[in-house]
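Engineer: From the sequence below, what's the structure:
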Amino acid sequence: MPMNIHGWGRYPRIEADVLLPQTNSNCARILQDTPSCIPRGQGRSYGDSANATQVLQSTYFNHYIQFDASLGLLTCEAGVTIHEVLDLIVPRGWFIPVTPGSSYVSIGGAIASDVHGKNHHGSGTFSQHIIEMQMMLASGEIVTVSRAQLSDLFAATCGGMGLTGMILSATLQLMSIQSSQIEQKTMPASCLEAVCAGFEENKGSTYSVAWIDCIATGPKLGRSLLMLGEHAVTGGLDMTPQKPLNVPVDAPDLLLNQQFIQLFNTLYYQKARLSSSQQRLSYGAYFYPLDQIANWNRLYGKAGFIQYQFVLPSAAGVQGLRSILKTIAASGKGSFLAVLKAFGEHNTNYLSFPMAGYTLALDFKVSPEVIALVQRLDAMVIDMGGRIYLSKDALMSEATFKATYPQWEQFEVVRAKYGAIGKFASQQSKRLGLQ
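Structural biologist: The predicted structure is shown next:
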């Protein structure tokens with residue numbers, strides 16, 4: 001089925017033949033007949049990691065296989081979304097142990113991106129809670145993969161952006177909860193140093209994330225709202241789904257200009273600073289606020305946007321973040337959404353993104369000036385020993401990738417071993433110099 005596809009940032013776009021296997025045998029036949037393709041879930045990665053002229057979409061791999069509600073073990077196919085999983089497990093007292101900022105990510109996509117959440121400092125990445133998974137190799141062979149079985153393939157697939165094979169299903173260890181609600185504590189921070197100190201002082205919190213004003217300058221540079229979260233112990237497991245608001249059309253280009261963003265950031269910070277610091281929220285309001293706005297990516301206009309997320313190691317720390325925020329503020333290309341988190345230690349997967357330090361995610365409307373800004377930021381991130389998140393990337397160069405992901409050569413060795421090279425490829429992988 002030919003169609004124009006793109007990531008959630010709506011940039012870049014490509015004309016693709018969307019292949020929709022319905023069974024394992026059908027998937028194997030498609031792989032046999034297709035020179036090259038990339039697995040694709042819900043299209044929620046931001047850039048071009050799931051873009052190719054032929055994509056192998058997991059739409060029909062959307063079934064539950066087994067759920068042990070006494071042990072919190074769930075086995076499901078890769079096309080099931082986190083949203084659907086939560087609908088099943090929350091009323092039974094379980095939750096996803098690591099979740100990204102959208103619930104509309106597929107389980108296969110969460111593994112391929114090795115997603116992280118607001119609790120990386122305590123719970124690591126999504127893959128660290130996978131017991132095992134079934135994959136289809138380029139040959140059509142189905143294999144079971146875990147940290148103990150075909151461990152090299154497991155380490156390459158988790159964070160491997162779909163470049164090792166088609167994930168068919170996975171078994172996930174869930175976490176027990178007593179309530180569907182979250183206790184949130186909001187702490188205003190007047191500058192970057194204050195919010196980073198807040199992260200350090202609250203390492204014991206289960207969840208932590210900060211909204212950061214990346215336009216503020218001078219003494220207010222990096223002013224933030226640090227939001228801590230804990231699962232409530234009362235309130236029950238009831239779920240009250242809310243119908244999301246909808247952005248029906250692309251916003252005009254003038255909407256998210258510098259003046260609008262500056263005004264919004266000021267009002268948002270002041271409102272939160274003067275409001276109650278303690279709130280009880282639904283899990284959706286805490287973890288997935290943007291899911292409450294359907295098609296929110298249209299706010300950036302027809303050209304789309306770039307989500308730029310980097311991590312700096314602890315050694316670069318606050319000074320590194322300060323330098324980058326100054327560069328962004330001086331560019332006049334402020335980000336409407338800017339999210340800061342503290343990471344724990346890096347895992348052993350070859351292309352997994354997190355490392356101990358701070359990560360900042362920013363949204364920029366696509367323009368030639370923004371592309372030039374991203375190139376400047378890339379150079380700064382390299383110099384500070386950081387890296388760019390592959391699931392958000394749309395612009396990274398081959399040189400930047402290979403300088404910041406030192407295990408890329410081992411990743412390619414594993415791909416060659418299991419016949420993935422030449423069979424699984426995306427716009428992104430070609431841009432980054434992967435075979």
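Engineer: where's Arg376 relative to Lys333, distance?
Structural biologist: 11 Å (Cβ to Cβ, to the nearest Å). All C-beta spots, glycine's among them, are computed from the backbone N, C-alpha and C.
Engineer: of those two, who's got more company?
Structural biologist: Ranked by neighbour count (other Cβ atoms under 10 Å), Arg376 and Lys333 place Lys333 first, with 21 against 13.
Engineer: Wait, that one touches Glu369, no?
Structural biologist: Yes. Using Cβ atoms under 8 Å, Lys333 is in contact with Glu369, at 6.2 Å.
Engineer: which outside residues touch stretch 359-371?
Structural biologist: By Cβ atoms under 8 Å, 6 or more residues apart in numbering, the surrounding residues in contact with stretch 359-371 are 9, 11, 212, 214, 253, 256, 300-301, 303-312, 321, 324, 328, 331, 333, 335-343, 373-374, 389, 392, 395.
Engineer: Among the residues you listed, which lie within helices?
Structural biologist: 321, 324, 328, 331, 373-374 (DSSP state H).
Engineer: any idea which of those has the most stuff around it?
Structural biologist: Within these, most neighbours by other Cβ under 10 Å means Leu321, with 25 neighbours.
Engineer: Verify the stated contact: it with Leu192.
Structural biologist: Yes. The criterion here is Cβ under 8 Å, and Leu321 meets it with Leu192 at 6.0 Å.
Engineer: Please enumerate the shared neighbours of the two.
Structural biologist: Gly222.
Engineer: The stretch 1-150 of the chain: helices as residue ranges?
Structural biologist: Taking DSSP state H, counting those that start in this stretch as the criterion, the stretch 1-150 of the chain contains helices spanning 24-33, 82-89, 107-112, 120-123.
Engineer: Using TSV, please lay out those helices together with distance to Val381, mean pLDDT and mean neighbour count.
Structural biologist: Formatted as TSV, the helices of the stretch 1-150 of the chain follow (distance: least, Cβ to Cβ, whole Å; pLDDT from 0 to 100; neighbours: other Cβ atoms under 10 Å):
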stretch	distance to Val381	mean pLDDT	mean neighbour count
helix 24-33	36	97	15
helix 82-89	28	98	19
helix 107-112	23	98	29
helix 120-123	18	98	20
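Engineer: Name the nearest residue to Pro39, sequence neighbours excluded.
Structural biologist: Closest residue to Pro39 apart from its sequence neighbours, by Cβ to Cβ, 6 or more residues apart in numbering: Gly162 at 4.2 Å.
Engineer: mind checking the SS state of the one you found?
Structural biologist: Secondary structure state of Gly162, per DSSP: H, G, I helix; E, B strand; the rest coil, is coil.
Engineer: State the distance from it to Thr348.
Structural biologist: 20 Å.
Engineer: Please apply the same query to Thr186.
Structural biologist: Taking Cβ to Cβ, one finds Thr186 at 35 Å from Thr348.
Engineer: quick one: which of the two has more around it?
Structural biologist: Using other Cβ under 10 Å as the criterion, Thr186 and Thr348 rank with Thr186 on top: 17 against 13.
Engineer: any idea which element that one lies in?
Structural biologist: strand 181-189 (DSSP states H and E).
Engineer: Just the CA coordinates for that strand, please, in CSV.
Structural biologist: C-alpha atoms of strand 181-189 as CSV (Å, rounded to 0.1, in the frame of the first residue of the first chain):
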residue,chain,number,x,y,z
GLN,A,181,-3.1,8.0,40.6
ILE,A,182,0.1,9.8,41.0
GLU,A,183,1.2,12.2,43.8
GLN,A,184,3.0,15.1,42.2
LYS,A,185,5.1,17.7,44.0
THR,A,186,6.1,20.7,41.9
MET,A,187,9.2,22.7,42.9
PRO,A,188,10.0,26.0,41.1
ALA,A,189,13.7,26.5,40.5
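Engineer: Following the chain past that strand, name the next helix or strand.
Structural biologist: Sequence order places helix 192-201 as the next helix or strand after strand 181-189, per DSSP H and E.
Engineer: Name the residues of that next one that come out as buried.
Structural biologist: Across helix 192-201, burial judged by 16 or more other Cβ atoms under 10 Å covers 192, 195-196, 198-199.
Engineer: swap in stretch 326-344?
Structural biologist: Residues of stretch 326-344 classed as buried: 328-329, 331, 333-344 (neighbour count, 16+ other Cβ under 10 Å).
Engineer: Could you do stretch 345-359 as well?
Structural biologist: Of all the residues in stretch 345-359, those buried under the rule 16+ other Cβ under 10 Å are 346-347, 349-355, 357-359.
Engineer: Sitting in strands, which of those residues do you find?
Structural biologist: 357-359 (DSSP state E).
Engineer: re the thing from before, and the strand holding Thr186, what does it pack onto?
Structural biologist: Strand 181-189 sits against helix 192-201, strand 224-231, helix 258-274, strand 278-282, helix 283-287, with contacts defined as 3 or more Cβ pairs under 8 Å, 6 or more residues apart in numbering; DSSP states H and E.
Engineer: give me that answer again for 6 Å
Structural biologist: The helices and strands touching strand 181-189, judged by 3 or more Cβ pairs under 6 Å, 6 or more residues apart in numbering; DSSP states H and E, are helix 192-201, strand 224-231, strand 278-282, helix 283-287.
Engineer: Identify whichever of the ones you listed lies nearest to Ala112.
Structural biologist: Closest to Ala112 of these is helix 283-287 (Cβ to Cβ; 20.1 Å).
Engineer: Can you give the strand pairings for the helix or strand following the closest one, parallel or anti for each?
Structural biologist: Per DSSP H and E, helix 283-287 leads on to strand 293-294 as the next helix or strand towards the C-terminus. Strands that pair with strand 293-294, judged by DSSP bridges, come out as strand 245-246 (parallel).
Engineer: Give me the contact list for the strand it pairs with.
Structural biologist: Identification of contacts with strand 245-246 by Cβ atoms under 6 Å, 6 or more residues apart in numbering yields 293-294.
Engineer: again with stretch 203-214
Structural biologist: For stretch 203-214, contacts defined as Cβ under 6 Å, 6+ apart pick out 118-119, 195, 202, 222-230, 265, 269, 325, 328, 334-335, 338, 340-341.
Engineer: That stretch: end-to-end distance?
Structural biologist: End-to-end distance of stretch 203-214 (Cα to Cα, to the nearest Å): 23 Å.
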